[in-house]
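**Q** Okay, here's the prediction I keep looking at, along with the sequence it came from:
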Amino acid sequence: MTEIPGELPGKPISASRTTLSHIMTANDTNLLGTVHGGVIMKLVDDAAGAVAGRHSGGPAVTASMDEMAFLAPVRVGDLVHVKAQCNWTGRSSMEIGVRVLAERWNESTPATQVGSAYLVFTAVDAEGKPRRVPPVVPETERDERRYQEAQIRRTHRLARRRAIMELREQRAAQGFDEL
């Protein structure tokens, strides 16, 4: 990768990749007796935040969560592993991809994927203003695929936001008073 003057040097994906593991207890359950989706989402946000902070070299805040998918229930006694990595970077934003795996705490069976999510974080300075992040450097074919998929998700996020804003402006021009 050629460095551009004034740009931060790139960082490999492996430099900030992390895994957060947590054993699920009765305190984590919902009314159905399985682990509450919000508990899993908190773990996802925590792991993604660690990756964003590591990659950017400082504080980062959650800007959005895309495509949180719950693929299978998590039960009390499951050991949950939340694996996160930086898939893509912009000027001050980063897309963090997260996979959630679960295995029984007392069995030697392989962990199975129970969820996934994509989060966008913005790096911020001491005043809470966006700050530049280093470019992410994909290291493998899988990393390169994730990088390209992240660019597609970004394009869709921006197009969706633009379409919603245009619709709101049209409705306001038509005299509709909306919250």
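**A** That came through, no problem. Numbers count the residues shown, from 1 in each chain.
**Q** C-alpha only now, for contacts and for neighbours.
**A** OK.
**Q** Tell me how many other residues crowd Asn106.
**A** 9 (other C-alpha atoms under 10 Å).
**Q** Before we move on, what's the pLDDT of it?
**A** In the predicted model, Asn106 carries a pLDDT score of 89.
**Q** Now do it against Val120, distance only.
**A** 35 Å (C-alpha to C-alpha, to the nearest Å).
**Q** likewise Gly77?
**A** Taken as C-alpha to C-alpha, the span from Gly77 to Val120 is 30 Å.
**Q** So which of the two has more stuff around it?
**A** Using other C-alpha under 10 Å, the more surrounded residue of Gly77 and Val120 is Val120, with 23 against 17.
**Q** Wait, the more buried one touches Met94, no?
**A** Yes: assessed by C-alpha atoms under 8 Å, Val120 is found in contact with Met94 at 5.5 Å.
**Q** Met68 - that's part of a helix, no?
**A** No: residue state for Met68 (DSSP: H, G, I helix; E, B strand; the rest coil) corresponds to strand; a helix is not indicated.
**Q** how deep is it tucked in, by neighbour count?
**A** So Met68, with other C-alpha under 10 Å, has 16 neighbours.
**Q** my read: it touches Val100, true?
**A** No: using C-alpha under 8 Å as the test, Met68 is too far from Val100 to be in contact (10.4 Å).
**Q** shared neighbours, these two?
**A** Common neighbours of Met68 and Val100, using C-alpha atoms under 8 Å, 6 or more residues apart in numbering, are 115-116.
**Q** Which helix runs longest in the chain?
**A** Ranked by residue count under DSSP state H, the longest helix found in the chain is helix 141-173.
**Q** Okay, buried residues for that helix please.
**A** Within helix 141-173, the residues that count as buried by 16 or more other C-alpha atoms under 10 Å are 143, 146-147, 150-151, 154.
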